[in-house]
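Chemist: Fold the following.
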Amino acid sequence: MKNFIFILFLLTLIFSCGESKKENRSVEVTPASIAVGFGKVTPMGGVSKLASPIAGIVTDLKVSTGTHVNEGDTLIVLDDTDARLSVNELNSRYKAQVKMLESAQLLASQGQASVQEAKRKYEDANSLYKSGALSHDKLLTLTNEYEIAGINQLKLESDTKLQQAKLAEIDALRMQYMEELRRTVLLAPMNGTVLDILPRKGEALNKYDTYLLLAPDTPLVVMAEIDEMFSTRIAIGQTAEITLSGSTAVVATGRISRISPDLKKKSLFADSGQDFQDRRVREIEILLDDDTNMLIDTKVECIIDINN
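Modeler: Numbering: from 1, shown residues only. Alright, predicted model coming up:
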């Protein structure tokens with residue numbers, strides 16, 4: 001249809017020029033009242049390509065093409081053997097380290113009591129020594145005991161901090177593997193319909209590989225491209241009739257809801273590599289009045305009333 005419209009436009013132009021020569025008078029050219037765009041049906045916001053956050057072997061497919069899912073539903077399950085073993089091992093290490101920390105804290109608490117007792121004895125002895133009731137050797141012995149108790153206490157407190165650091169390190173690693181275990185279950189990020197599942201059960205999935213195409217529960221729109229010839233004449237709110245590619249029957253109507261601010265090269269809407277590659281287009285979004293009978297990815301043509 002688009003080739004037909006373009007040829008019709010050229011023939012009209014040639015005919016008009018020929019008539020002007022024959023009649024030797026100027027011809028008033030009336031601006032076109034419609035613009036034709038080519039595009040496809042898509043959910044508003046586009047189809048979501050879900051990428052795997054980790055690498056793994058697909059062990060279970062919980063959905064199939066056409067399944068409607070809600071946010072949080074399980075889509076695909078990856079092999080969790082390694083992650084689960086790591087979590088179990090780290091849980092054991094964490095419990096053991098908790099006991100070591102508790103033991104260190106108990107020793108530090110007992111050590112602090114010993115320091116306080118040694119301090120009390122030293123202070124009593126010092127008072128007795130000053131009054132002449134205690135020998136210098138005895139005072140020196142109690143002084144040494146007090147100093148040793150203080151040194152031992154510093155070691156106990158240092159060991160407590162070391163055990164706390166080890167526990168934090170193990171816990172961080174444990175949380176990391178627990179998160180990896182959680183990510184072996186791939187969940188739906190939104191409500192929508194499954195369009196395609198790329199891996200099969202038993203296949204390997206690399207990190208960041210696309211594993212599923214999900215159409216969100218948003219209204220269907222037509223993303224279309226308008227030739228640069230009409231790029232300044234389109235506006236938000238203009239009405240459009242939608243036909244299937246190659247057909248003249250109107251299957252839907254709608255209004256322009258969004259217009260790109262720039263021109264760009266024709267994209268996948270062009271039929272071939274020779275299809276006016278030197279032309280530039282402006283992308284528009286058409287919100288359909290009724291998308292009941294429309295299918296995602298259907299190629300369509302849009303006839304836009306650019307005078308309203």
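Chemist: so how far is the lengthiest strand in the chain from its chain's centroid?
Modeler: With secondary structure taken from DSSP state E, the chain has its longest strand at strand 250-265. Between the mean C-alpha point of strand 250-265 and the mean C-alpha point of its chain there is a distance of 27 Å (Cα atoms, centre = their mean, to the nearest Å).
Chemist: what's it in contact with?
Modeler: When contacts are defined by Cβ atoms under 8 Å, 6 or more residues apart in numbering, strand 250-265 is touched by residues 221-222, 228, 231, 234-244, 277, 280-291, 293-294, 300, 304. Where C-beta positions appear, they are placed from N, C-alpha and C, glycine not excepted.
Chemist: Buried residues in that strand, which are they?
Modeler: Of the residues in strand 250-265, those buried under the neighbour-count criterion (16 or more other Cβ atoms under 10 Å) are Val251, Ala252, Gly254, Arg255, Ile256, Ser257.
Chemist: and of the residues you listed, the nearest to Thr184?
Modeler: Within those, distances to Thr184 taken as Cβ to Cβ reach their minimum at Ser257, with 39.8 Å.
Chemist: Is it correct that Ala55 is in contact with Ala204?
Modeler: Yes - with the criterion set as Cβ atoms under 8 Å, Ala55 and Ala204 qualify as a contacting pair; they are 7.3 Å apart.
Chemist: Would you list the phi and psi of the residue in the chain sticking out farthest from the centre?
Modeler: Distance from the centre of the chain peaks at Gly132, with 80.9 Å (Cα atoms, centre = their mean). The phi and psi torsions at Gly132 (degrees, to the nearest 10) take the values phi 80, psi 10.
Chemist: With Val98 instead?
Modeler: Listed backbone geometry of Val98 is phi -60, psi -40, with angles given as degrees, to the nearest 10.
Chemist: any idea how far the nearest residue to it once chain neighbours are set aside is from Gln176?
Modeler: Of all residues not flanking Val98 in the chain, Leu167 sits nearest, at 6.5 Å (Cβ to Cβ, 6 or more residues apart in numbering). Distance of Leu167 to Gln176, computed by Cβ to Cβ, to the nearest Å: 15 Å.
Chemist: Then Ile151?
Modeler: As for Ile151, its distance to Gln176 is 38 Å (criterion: Cβ to Cβ).
Chemist: who has more neighbours, these two?
Modeler: For Ile151 versus Gln176, the count of surrounding residues by other Cβ atoms under 10 Å is larger for Gln176: 14 against 10.
Chemist: sec struct for Gly246, please.
Modeler: Three-state assignment for Gly246 (DSSP: H, G, I helix; E, B strand; the rest coil): coil.
Chemist: residues near it, how many?
Modeler: Counted with other Cβ under 10 Å, the neighbours of Gly246 add up to 9.
Chemist: so what's the backbone phi/psi at it?
Modeler: Geometry field for Gly246 lists phi and psi as phi 90, psi 0, criterion degrees, to the nearest 10.
Chemist: Among the buried residues of strand 250-265, which one lies nearest to Leu78?
Modeler: Ser257 (39.0 Å).
Chemist: Relative to Ile236, how far out is that closest one?
Modeler: With distances defined as Cβ to Cβ, the gap from Ser257 to Ile236 amounts to 7 Å.
Chemist: again with Ile34
Modeler: Between Ile34 and Ile236 the distance is 17 Å, computed by Cβ to Cβ.
Chemist: if we can go back for a sec, which members of the contacts of strand 250-265 are classed as buried?
Modeler: When the contacts of strand 250-265 are checked for burial by 16+ other Cβ under 10 Å, the buried set is 221-222, 231, 234, 238, 240-244, 280-288, 291, 294, 300, 304.
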